[in-house]
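Visitor: Sequence and predicted structure, then a few things I'm wondering about:
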Amino acid sequence: MAHWYSQTVDTVSASLTNHRSHYTLLAVAGVSLSVGFLLRALLSDQHPEGAVLHSPLATVRSAANSKAHPLPLDVLPGARDVQTPYGSVRVYEWGPEDGRKVLLVHGITTPCISLGGLAHALVDQRCRVMLFDLFGRGYSDCPPDLPQDERLFATQIFLALSSSPISWTGTGSGKFCLVGYSLGGGIAASFASFFPELLSALVLLAPAGLIRDSHISFSTRFLYSGGLPNRLLKFLSGRRLRAGPLSGPNPQHRKLHTSDVVAEEQPSTGNALAQELSRSYPHVTVPGAVSWQVNEHSGFVHAFVSSMRHGPILAQRQRASWERLGTHLSKQQNLSPEQRGSNGLSKEKVIVMCGETDPIIIQKELHEDVAAVLGDDVIFKSFSAGHEFPSTKYHDVAQIVSEILS
């Protein structure tokens with residue numbers, strides 16, 4: 001009897017111990033699950049399909065003194081806001097309607113005003129110009145549920161072109177020259193690789209898309225590799241972007257950081273003051289417009305982060321587009337001059353420009369890498385300047401573009 005009682009007590013005790021362990025494990029699992037959901041809610045950055053992060057357009061429209069604004073609404077001629085499924089897109093277009101058509105695409109951190117001086121200089125050469133703010137920059141909204149990759153950028157180009165009162169791509173409209181700067185250069189090369197028959201010329205100004213991975217710092221590669229949750233990445237990137245360019249030009253062959261991207265698209269203080277990006281508002285500068293944009297545009301940080309992650313920047317991500325373009329150009333060489341003209345872009349109408357002291361797009365490496373994918377016949381021009389040369393040497397750049405078009 002005593003033996004049976006002892007066994008029963010032991011059995012009950014063991015059962016209670018097992019139940020306690022089971023409940024403890026359930027409690028730990030429940031807490032872990034709750035913490036996981038909480039962290040996911042805090043760190044994830046998911047947006048519903050079709051969501052839009054709006055530009056500061058409405059706020060600036062209602063402001064009392066918009067003329068002194070860092071980026072006035074009519075900073076360039078021919079402003080219009082195009083309503084699209086991706087949000088509103090700000091477009092500027094002016095110049096003679098029968099002039100040679102030139103579309104300009106700006107860089108990753110600047111609104112399109114950075115190419116305003118070049119656009120004015122091209123109109124002086126009797127060109128018809130069009131510029132637009134990339135999604136999340138200037139006065140263009142940002143679709144946060146879509147990656148900023150070559151597909152989205154090509155779509156935006158067509159949205160801008162189709163909003164024109166004159167035909168840029170239809171039968172009898174002729175072709176247009178596509179000019180891309182920095183990130184815009186990578187966008188332009190990608191677009192040209194898919195739609196070479198639409199272009200009369202391709203001008204790449206310090207183009208992204210062939211930057212060698214070895215030049216990117218470990219911290220920048222880690223940040224934008226996709227390993228960090230979007231909300232945390234946006235917080236870190238936003239804090240860095242709002243700090244502004246903390247340094248001047250960096251030496252070539254140095255590992256590149258996010259801060260270099262911010263700094264190198266902006267001219268030094270002296271060069272910024274010498275700019276004339278807007279003939280209506282001489283006070284407008286790239287640093288002033290970028291500072292306003294970083295602090296006031298709800299979609300800018302997302303646009304920057306998404307472009308760094310998905311955009312046509314690194315060679316390993318974009319080489320296929322350049323090789324596709326190179327294949328088209330090689331085929332063109334076997335055609336007669338008459339056939340080339342009707343079949344689209346050819347090598348003698350592709351020109352690449354860069355700054356001799358650019359620490360992001362290294363002149364020697366750019367020459368080697370472009371020649372490897374597009375051939376040795378592509379025209380190269382260089383300037384005694386850094387990465388910002390399109391916003392400071394715009395008269396010289398416009399002259400070269402005009403010559404290649406004529």
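Guide: That came through, no problem. Numbering: from 1, shown residues only.
Visitor: Please count neighbours and contacts with C-alpha atoms only from this point.
Guide: OK.
Visitor: so how many other residues sit close to Ile400?
Guide: Look at Ile400: counted by other CA atoms under 10 Å, it has 15 neighbours.
Visitor: so which strand or helix has it?
Guide: Applying DSSP states H and E as the criterion places Ile400 in helix 394-405.
Visitor: Kindly report the same for Leu233.
Guide: Taking DSSP H and E as the criterion, the element that holds Leu233 is helix 230-242.
Visitor: any low-confidence regions in the stretch 251-400 of the chain?
Guide: Filtered on pLDDT under 70, the stretch 251-400 of the chain yields the residue ranges 251-264, 268-274, 338-343.
Visitor: what about 50?
Guide: Judged against pLDDT under 50, the stretch 251-400 of the chain has no low-scoring part.
Visitor: how close does the residue nearest to Ser190 when sequence neighbours are not counted sit to Ala192?
Guide: Once flanking residues are discounted, Ser190 sits nearest to Ser321: 5.3 Å by CA to CA, 6 or more residues apart in numbering. Distance from Ser321 to Ala192, counting by CA to CA, to the nearest Å: 9 Å.
Visitor: Not counting sequence-adjacent ones, nearest residue to the spatially most central residue of the chain?
Guide: Note on the chain: the residue nearest the mean C-alpha position is Ile108, at 3.7 Å, using CA atoms, centre = their mean. Counting by CA to CA, 6+ apart, the nearest residue to Ile108 once its immediate chain neighbours are dropped is Leu183, at 5.5 Å.
Visitor: do the same with Leu146
Guide: Excluding its sequence neighbours, the residue lying closest to Leu146 (CA to CA, 6+ apart) is Leu152, at 7.8 Å.
Visitor: in which helix or strand would I find that neighbour?
Guide: Following DSSP H and E, one finds Leu152 within helix 150-162.
Visitor: Going by neighbour count, list what's buried in that helix.
Guide: Glu150, Leu152, Phe153, Ala154, Gln156, Ile157, Leu159, Ala160, Leu161 (16 or more other CA atoms under 10 Å).
Visitor: cool, stretch 293-305 as well?
Guide: Buried residues in stretch 293-305, defined by neighbour count with 16+ other CA under 10 Å: Gln293, Val294, His297, Ser298, Gly299, Phe300, Val301, His302, Ala303, Phe304, Val305.
Visitor: Any chance of the residues you listed in TSV with distance to Glu197 and secondary structure as columns?
Guide: Output for those, formatted as TSV (distance: CA to CA, whole Å; DSSP: H, G, I helix; E, B strand; the rest coil):
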residue	distance to Glu197	secondary structure
Gln293	35	helix
Val294	37	helix
His297	36	coil
Ser298	37	coil
Gly299	33	coil
Phe300	33	helix
Val301	35	helix
His302	33	helix
Ala303	29	helix
Phe304	30	helix
Val305	32	helix
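Visitor: out of these, who's nearest Ser217?
Guide: Ser217 lies nearest to Val305 out of these, by CA to CA, at 16.0 Å.
Visitor: wait, doesn't Pro48 sit right on Leu146?
Guide: No - Pro48 is beyond contact range of Leu146, at 10.3 Å (criterion: CA atoms under 8 Å).
Visitor: quick one: which of these two has more around it?
Guide: More crowded of Pro48 and Leu146, by other CA under 10 Å: Leu146, with 16 against 8.
Visitor: Let's see the pLDDT reported for Leu43.
Guide: Note for Leu43: predicted pLDDT of 47.
Visitor: scratch that, Pro144 is what I was asking about
Guide: Looking at Pro144, its pLDDT stands at 95.
Visitor: returning to that earlier point: in the helix holding Leu233, which residues are buried?
Guide: Using 16+ other CA under 10 Å as the test for burial, helix 230-242 gives Asn230, Arg231, Leu233, Lys234, Ser237, Gly238, Leu241, Arg242.
Visitor: counting contacts, what elements does that helix pack onto?
Guide: helix 2-43, helix 258-264, helix 286-296, helix 300-310 (3 or more CA pairs under 8 Å, 6 or more residues apart in numbering; DSSP states H and E).
Visitor: Please repeat the previous calculation with a cut-off of 6 Å.
Guide: If you count contacts as 3 or more CA pairs under 6 Å, 6 or more residues apart in numbering; DSSP states H and E, helix 230-242 packs onto no helix or strand.
Visitor: Now Ala95: closest residue in space that isn't a chain neighbour?
Guide: Not Ala; residue 95 is Gly. Spatial nearest neighbour of Gly95, excluding adjacent residues (CA to CA, 6+ apart): Arg128 at 4.3 Å.
Visitor: Need the residues that contact the helix or strand harbouring the one you found.
Guide: Here Arg128 sits within strand 127-132, counting by DSSP H and E. Outside strand 127-132, the residues within contact range by CA atoms under 6 Å, 6 or more residues apart in numbering are 90-96, 99-104.
Visitor: now those as CSV including secondary structure?
Guide: Shown next, in CSV, are the contacts of strand 127-132 (DSSP: H, G, I helix; E, B strand; the rest coil):
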residue, secondary structure
Arg90, strand
Val91, strand
Tyr92, strand
Glu93, strand
Trp94, strand
Gly95, coil
Pro96, coil
Gly99, coil
Arg100, strand
Lys101, strand
Val102, strand
Leu103, strand
Leu104, strand
